[in-house]
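Enquirer: only geometry, no sequence info:
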């Protein structure tokens, strides 16, 4: 019996999103750099239930977040930090899984820039979507929604 082969593909995309926050860069950076602060905004909100989180914020450190969506689908985020400049920049690579399928691998750069009395945050992502996964802009939309949740968390 012949084993079915899966069609392999790689589709590349890049996007940048900017947000302005009326708090200092150090405070916005801390929302990425501390486990408690990041847990307040990084996740799927009411539609998503956390299964497991691990957080090791340092160059060479890893982060993991997995959870179940109301549909029953499990999403998993696994990243490794490559560059951290306090209050200025974070660079990390991450992969996303939906259930058992790896759907993407990405390089993300987060920049924290003083703007008046606040911060201009710039997130740039270069991603590759794998084996037929059609993103159709959902990653950019999801990242924007996360940044909106970040903004709400910073105002609390």
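Expert: Looks like it came in fine. Since we're looking at a predicted model, the values are computed, not measured.

Enquirer: Now tell me what touches stretch 45-57 from outside.
Expert: The contact list for stretch 45-57 (Cβ atoms under 8 Å, 6 or more residues apart in numbering) reads 32-35, 38-39, 43, 62-70, 74-75, 81, 84, 149. Where C-beta positions appear, they are placed from N, C-alpha and C, glycine not excepted.

Enquirer: Checking residue 17 next. Helix, strand or coil?
Expert: The three-state assignment at residue 17 reads strand, by DSSP: H, G, I helix; E, B strand; the rest coil.

Enquirer: max-length strand in this protein?
Expert: Using DSSP state E, we find that the single longest strand of the chain is strand 101-115.

Enquirer: Burial check on residue 41, number of neighbours?
Expert: For residue 41, the neighbour count with other Cβ atoms under 10 Å is 19.

Enquirer: again but with residue 81, I slipped
Expert: Neighbours around residue 81, by other Cβ under 10 Å: 19.

Enquirer: how about the strands of the chain, start to end?
Expert: Counting by DSSP E, the strands of the chain are 10-21, 48-55, 62-69, 74-85, 89-98, 101-115, 118-130.

Enquirer: Just the buried residues of the lengthiest helix in the chain, please?
Expert: Longest helix in the chain, counting residues (DSSP state H): helix 138-155. For helix 138-155, the neighbour count (16 or more other Cβ atoms under 10 Å) marks 139, 140, 143, 146, 147, 149, 150, 151, 154 as buried.
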